[in-house]
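>>> Quick one, structure for this:
(2 chains)
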2 protein chains.
Amino acid sequence: MSLLVVGTMAFDAIETPFGKTDKIIGGAATYIGLAASYFYKNINMVSVVGEDFPNESMDMLKKHGLKLDGVQVKMGQKSFFWSGRYHTDMNSRDTLATELNVLADFDPVVPENCREVEFLMLGNLMPSVQQKVMAQLKKRPKLIVLDTMNFWMDTAYEDLVKTISQVDVLTINDGEARQLSGEYSLVKAAQKILAMGPKVLIIKKGEHGALLFNKEQVFFAPALPLEDVFDPTGAGDSFAGGFVGYLAETKDISFENMKRAIIFGSAMASFTVEKFGVERLVGLTQEAVDERVQEFIDLVQFDISLV
Amino acid sequence: MSLLVVGTMAFDAIETPFGKTDKIIGGAATYIGLAASYFYKNINMVSVVGEDFPNESMDMLKKHGLKLDGVQVKMGQKSFFWSGRYHTDMNSRDTLATELNVLADFDPVVPENCREVEFLMLGNLMPSVQQKVMAQLKKRPKLIVLDTMNFWMDTAYEDLVKTISQVDVLTINDGEARQLSGEYSLVKAAQKILAMGPKVLIIKKGEHGALLFNKEQVFFAPALPLEDVFDPTGAGDSFAGGFVGYLAETKDISFENMKRAIIFGSAMASFTVEKFGVERLVGLTQEAVDERVQEFIDLVQFDISLV
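Reported below is the predicted structural model:
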């Protein structure tokens, strides 16, 4: 019984209207693992870093209970680095630099004791690398969740479509759902994408919340209205981490339970955007997480009984 | 005990990516009155039309129980006319024509038997005209709801701010909330706008739902994900109509009841956008309204119990 998280562990340098950072740690797997760690304890990470990735950060991840046996450290090489600048609306950004470094020839190796995992979270990565991970598993996980992005729609479409066809849950944002389906209406887009294979589609709309679709049902989870979205980096990954961590803990992959999971995911994303990088996501108390989830309940629950 | 609705009754000509119309009836009061009529039966309209406003449309409004004694018909003159073209995202539009006609010197007269109303809904109009209506009332209503738009922020700012200071509930869209407050964050914008006088602020976000704020609380109502938003004209007015109609019927202006009211308002808006103009809003059954509200319940209700 475990959750395997695959994705980048990396450095980011971020500019937002509220300030800028030097190189800080980031990466999809970092955010996913941290967010999931508040719900589930048996999490194995598969990633790759360079010699420059800080030991203190490795220790911090371990303190959150994350198992790093599957994280390759490439001596003499540098970690993946991304730098970007967000616009005022925080929904759009310019990439200032992308240095693949160790990611350029990442050959993931799933540790022997993780090849029969129940839950697999494929963070955003080249689809062919995501495929390699699935190929190493001895049996199909109970649930495979895939996060991806428009970049792969542009550069690796065939691989991506094949990968999508093999997973249970796909998470993408609204623009990506439109691009992938060719439909402007998200309702129509969802049905087209579900016809590509996944049983469930989550469309992330940033500050506008997220939609959860299967072929018959739809559920909407709001984003928490915040005084300021300080830095949106990692919000989608934190969302996915909270989502899959909650599912792994409850071992219930029904649509009803996914509704709850998407609320926990939204809560984790709402923490992440409050500070730069992973700062807010590190060392949260259970109490703080519960309080935040309660804010979501208060935000949307109402009491109408139709006769 | 009654609800007074003040606003335009007019002609629109609309182009959307799905088609275009000739002159069809529209106007804020038309949408508000129709939407409210599904919840409350004692509704008086104050408006002005020209000789060209169709008798059949007047009859249709009467059939919905709306009292038209306060609707001035100006013989030899033409009704207000607006023409616009929506872009693909349906959130932005170009105005193609605005002919004020009878609206240019509209001097509203509240019928004698409506001067002690309990609920007043001021649809979007020149703030000085909204003032004139309030000045004719013999006692202050239990609840005054004001809808307005950015046009008045640009052209009648002082009048608008004075009007806003006199009402209980203000409804505007997200861009307008940002313009009025000078704050990008809607949470900060809400607090600044509430400091201008209203006890409650509703920020409409179109396809992204609506936020209800008072000084201590926030509630979020989603928009229904629709296959197509066919024509967004009148959505905000229908929303306001459902909202105030439900409040008038229940006579409960607590924040808890406003949560319910905003869901009923959202349900009415979701009908309006499914066809051109008021077409979908006319002659709905109680069953259809209930079914739609149930869709909203299913869309957002989840069951999380924190220990």
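
>>> Which helix or which strand is home to the residue with the shortest distance to the centre of chain A?
Residue closest to the mean C-alpha point of chain A, counted by Cα atoms, centre = their mean, is residue A:237 at 2.5 Å. Using DSSP states H and E, residue A:237 sits within helix A:235-250.

>>> Check which element follows that helix along the chain.
Counting by DSSP H and E, what follows helix A:235-250 is helix A:255-272.

>>> what's the average pLDDT for whichever helix or strand comes after that next one?
Counting by DSSP H and E, the next helix or strand C-terminal to helix A:255-272 is helix A:286-300. In this model, helix A:286-300 carries a mean pLDDT of 97.

>>> and what of stretch A:251-259?
Mean pLDDT, stretch A:251-259: 98.

>>> Double-check residue A:284 against residue A:35; I have them as touching.
No. Counting by Cβ atoms under 8 Å, residue A:284 stays clear of residue A:35, with 9.6 Å between them. From N, CA and C alone the C-beta is placed, and that goes for glycine too.

>>> which of these two has more neighbours?
Neighbour tally, residue A:284 and residue A:35, criterion other Cβ atoms under 10 Å in any protein chain shown: the higher count belongs to residue A:35, 34 against 17.

>>> Contact residues of the stretch 101-250 of chain A facing chain B?
A:184-188, A:205, A:208-209, A:211, A:217-222, A:225-229 (Cβ under 8 Å from any Cβ of the partner chain).

>>> Just the buried residues from those residues, in ChimeraX please.
Selection command for ChimeraX covering only the buried members of these, criterion 16 or more other Cβ atoms under 10 Å in any protein chain shown:
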select /A:185,186,187,188,205,208,209,211,218,219,220,221,222,225,228,229
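
>>> So which of the residues of the stretch 101-250 of chain A next to chain B are in helices?
Taking DSSP state H, the ones among those that sit in helices are A:186-188.

>>> just to revisit the earlier point, for the helix holding residue A:237, C-alpha coordinates in PDB please.
Provided in PDB are the C-alpha atoms of helix A:235-250 (Å, rounded to 0.1, in the frame of the first residue of the first chain):
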ATOM      1  CA  ALA A 235      -0.600  25.700  -6.900                       C
ATOM      2  CA  GLY A 236      -1.700  23.100  -9.400                       C
ATOM      3  CA  ASP A 237       0.900  20.600  -8.100                       C
ATOM      4  CA  SER A 238      -0.200  21.200  -4.500                       C
ATOM      5  CA  PHE A 239      -3.800  20.700  -5.600                       C
ATOM      6  CA  ALA A 240      -2.900  17.400  -7.200                       C
ATOM      7  CA  GLY A 241      -0.900  16.400  -4.100                       C
ATOM      8  CA  GLY A 242      -3.700  17.100  -1.700                       C
ATOM      9  CA  PHE A 243      -6.100  15.300  -4.000                       C
ATOM     10  CA  VAL A 244      -4.100  12.100  -4.400                       C
ATOM     11  CA  GLY A 245      -2.900  12.100  -0.800                       C
ATOM     12  CA  TYR A 246      -6.400  12.200   0.500                       C
ATOM     13  CA  LEU A 247      -7.500   9.400  -2.000                       C
ATOM     14  CA  ALA A 248      -4.600   7.200  -1.000                       C
ATOM     15  CA  GLU A 249      -5.300   7.600   2.700                       C
ATOM     16  CA  THR A 250      -9.100   6.900   2.300                       C
END
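
>>> So what's the gap between that helix and the chain middle?
Remark: helix A:235-250 is offset 7 Å from the chain centroid, using Cα atoms, centre = their mean, to the nearest Å.

>>> Which elements pack onto that helix?
strand A:3-6, helix A:28-37, strand A:119-122, strand A:143-147, strand A:169-173, strand A:200-204, helix A:255-272 (3 or more Cβ pairs under 8 Å, 6 or more residues apart in numbering or on different chains; DSSP states H and E).

>>> Would you indicate which residues of that helix are buried?
A:235-249.

>>> what are the ranges of the strands in the stretch 1-150 of chain A?
Counting by DSSP state E, counting those that start in this stretch, the stretch 1-150 of chain A has strands at residues A:3-6, A:10-16, A:19-20, A:24-26, A:43-50, A:66-74, A:81-86, A:93-99, A:119-122, A:143-147.

>>> Turn those strands into CSV, including mean pLDDT.
Putting these into CSV (pLDDT from 0 to 100) gives the following:
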stretch, mean pLDDT
strand A:3-6, 98
strand A:10-16, 96
strand A:19-20, 93
strand A:24-26, 98
strand A:43-50, 98
strand A:66-74, 98
strand A:81-86, 96
strand A:93-99, 93
strand A:119-122, 98
strand A:143-147, 98
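
>>> re the thing from before, who are the contact partners of the nearest residue to the residue nearest to the centre of chain A once chain neighbours are set aside?
Counting by Cβ to Cβ, 6 or more residues apart in numbering or on different chains, residue A:31 is the residue found nearest to residue A:237 once chain neighbours are left out, at 3.5 Å. For residue A:31, the contact set (Cβ atoms under 8 Å, 6 or more residues apart in numbering or on different chains) comprises A:234, A:237-238, A:241, A:272, A:278, A:281.

>>> biggest separation within those residues, which pair?
Longest distance between any two of the contacts of residue A:31 is 11.0 Å, between A:241 and A:278; criterion Cβ to Cβ.

>>> Perfect, I'm done here.
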